[in-house]
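[1] Fold the following, please.
(one chain, ligands or ions: 1)
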Amino acid sequence: MENKRRSFIKKLGIAGATAAILPTAFAGEAKNTSFLIRNLSKPGNDPIRIALIGAGGMGVADANTALQHENVHLVAVCDLYDGRLQDAKNRWGSDIFTTKDYTQVLDRKDVDAVIIGTPDHWHKKISVDALKAGKHVYCEKPLVHSVEEGQEVIKAWERSGKVFMVGSQGMSSLGNEKARELLASGAIGDINYAEGFWARNSPIGAWQYPIPADASPQTVDWKRFIEPTTKRPFDKERFFRWRNYTDYGTGMSGDLFVHLFSSLHFITNSLGPNKIAAMGGLRFWEDGREVPDVLIGMFDYPDSEQHPGFNLSLRCNFVDGTSGSTFLKIVGNKGSMDIGWNDVLLKQNDAPEMEDPFMKEKAAEAQTSQSDRKQILPPNETHFKAEKGYKGAHYDHFANFFHAIRTGGTVGQDPVFGFRAAAPALLCNDSYRENKFIQWDPVKMRRI
Ligand SMILES: NC(=O)c1ccc[n+]([C@@H]2O[C@H](COP(=O)([O-])OP(=O)(O)OC[C@H]3O[C@@H](n4cnc5c(N)ncnc54)[C@H](O)[C@@H]3O)[C@@H](O)[C@H]2O)c1
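    Below is the predicted model of the structure:
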């Protein structure tokens, strides 16, 4: 294991990582705070002209974040609903070109890069067409709607020579970078377990979004919306609450678990799990949805060159009246890390608290034979926090995207990485529907 960890550190290029993370932080009290600092090399400043395809909640957030970067300009917006196109003009200026046909955006010579913020069932087709049209692509997660679509995007990207970033922004955060460095340095020993969960308990949290009063076949291009999937008559619930339906969305796992896979794979350098199991049910939100509102996923990560074998447990509850969410916890034999995008709480435990009365009795017996002189205890919690003014993961993710475009470089969350993060999430749905464990080859990226 020790050798494996050393080779992992070498691979990450974190020279002297142990020394780097443990200077004054562990010298004193039981809880320490240390500040994380963003250290991006300064990119060039060539203008980058972007277009947004899919101008709903996330597309607008993406475009606004992109526009915070120097010399980035929005020239076109595509959406299938009139209201969103009008909003785009109100928000970004009436000279923005708007259309319901994304191919008109791809035909424009003045567009260098597109942001794809459509529902999941359109990600593959628009990504492939955009790459063929010579555009750089920022595509929202999950990369694809089904595992079968993954290779086509990867091949199109490899042929294109363009930068392609998938939109799980957490991975570009200071918090994720620190966790990766801490794990490689041995701060929690060898990973053996990880977990994450989301607790929601509101209609919006459970995807019951408001439907505009003017939603109709006149204001919505329904024909285009269903083009890649089952033909049906116009249905405004399906259009505005697409996450609830399997033709368009990818359920709780495709929507939320996928973020965790991106972060976890980045922090551990993992290629992914080889065994996947999911259970769940529709417990409350019986509004015609086709996906569960409580979902648990379990994953086996095999012993590999990158890390020792470990298990991952993920859950999501949209009727959760008890607890808050935990984004990502990674547990090793010497401690654990609670990992956020802006912070990491490192806990280093010599031995976990014992609840078991028999074990407590045995421990007390062992104590009596030792000297009762008190000892100096090492600190067991260190809180790494982003400095005040940190612009956050989303900003950093776009910084990495634009940096790669301007320098001819690469990004971490490319289609291969993005597919390896999306696949176990999508296979959760398969496991739930097929009622069985799913075997996945994370190296060759195919279901066994
Ligand atoms: N990275 C994140 O944190 C994050 C957060 C939320 C959503 N997302 C992702 O962003 C995507 C969009 O989610 P959302 O919540 O913004 O949904 P949304 O319904 O608010 O917006 C989707 C928009 O896409 C438009 N659209 C649909 N098909 C289109 C097409 N063929 N061409 C052009 N426009 C089309 C719709 O009219 C709608 O306005 C999803 O893939 C989702 O998983 C990512």
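[2] Around the residue of the stretch 1-150 of the chain found nearest the ligand, how many other residues sit close by?
    Of all residues in the stretch 1-150 of the chain, G56 sits closest to the ligand, at 1.8 Å by C-beta to the nearest ligand atom. All C-beta spots, glycine's among them, are computed from the backbone N, C-alpha and C. Neighbourhood size, G56 [other C-beta atoms under 10 Å]: 19.
[3] And D235, by the same measure?
    By other C-beta under 10 Å, the residues close to D235 number 16.
[4] any idea how far it is from Y81?
    From D235 over to Y81 the distance is 14 Å, taken as C-beta to C-beta, to the nearest Å.
[5] Get me the contact residues on the stretch 201-350 of the chain for the ligand.
    R224, F225, D255 (C-beta under 6 Å from any ligand atom).
[6] which residue packs closest to the second one, ignoring adjacent ones?
    What that stands for is F225. L80 (5.5 Å; C-beta to C-beta, 6 or more residues apart in numbering).
[7] is it true that the one you found touches K223?
    No. Assessed by C-beta atoms under 8 Å, L80 is found out of contact with K223, at 9.4 Å.
[8] Comparing the two, which shows the higher neighbour count?
    L80 (23 against 11).
[9] contacting residues around that one?
    Contact analysis of L80 by C-beta atoms under 8 Å, 6 or more residues apart in numbering lists K100, V220, D221, W222, R224, F225, F239.
[10] Could you rerun that using 10 Å?
    The contact partners of L80, by C-beta atoms under 10 Å, 6 or more residues apart in numbering, come to 54-56, 100-102, 118-119, 122, 219-225, 239.
[11] Show the buried residues in these.
    54-56, 100, 102, 118-119, 122, 219-222, 225, 239 (16 or more other C-beta atoms under 10 Å).
[12] So which of those residues sit within strands?
    Among the buried ones among the contacts of L80, no member falls in strands (criterion: DSSP state E).
[13] export the residues you listed to CSV and tack on pLDDT?
    Output for the buried ones among the contacts of L80, formatted as CSV (pLDDT from 0 to 100):
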residue, pLDDT
G54, 98
A55, 98
G56, 98
K100, 98
Y102, 98
T118, 98
P119, 98
W122, 98
T219, 98
V220, 98
D221, 98
W222, 98
F225, 98
F239, 98
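[14] from those residues, which is closest to T382?
    G56 (39.7 Å; C-beta to C-beta).
[15] All the strands of the stretch 201-350 of the chain, residue numbers only.
    For the stretch 201-350 of the chain, the strands defined by DSSP state E, counting those that start in this stretch cover 275-281, 294-301, 310-317, 326-332, 335-339, 343-348.
[16] Now do the fourth one against strand 343-348, angle only.
    Meaning strand 326-332. Counting by axes from the mean of the first three to the mean of the last three C-alpha atoms, to 10 degrees, strand 326-332 points 30 degrees away from the direction of strand 343-348.
[17] Only alpha carbons, please: show strand 326-332 as PDB.
    Extracted C-alpha coordinates of strand 326-332, given in PDB (Å, rounded to 0.1, in the frame of the first residue of the first chain):
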ATOM      1  CA  THR A 326     -23.200  16.100   3.000                       C
ATOM      2  CA  PHE A 327     -21.400  16.800  -0.200                       C
ATOM      3  CA  LEU A 328     -18.500  14.300  -0.100                       C
ATOM      4  CA  LYS A 329     -16.800  12.500   2.800                       C
ATOM      5  CA  ILE A 330     -13.700  10.400   2.100                       C
ATOM      6  CA  VAL A 331     -12.600   8.000   4.800                       C
ATOM      7  CA  GLY A 332      -9.200   6.400   5.200                       C
END
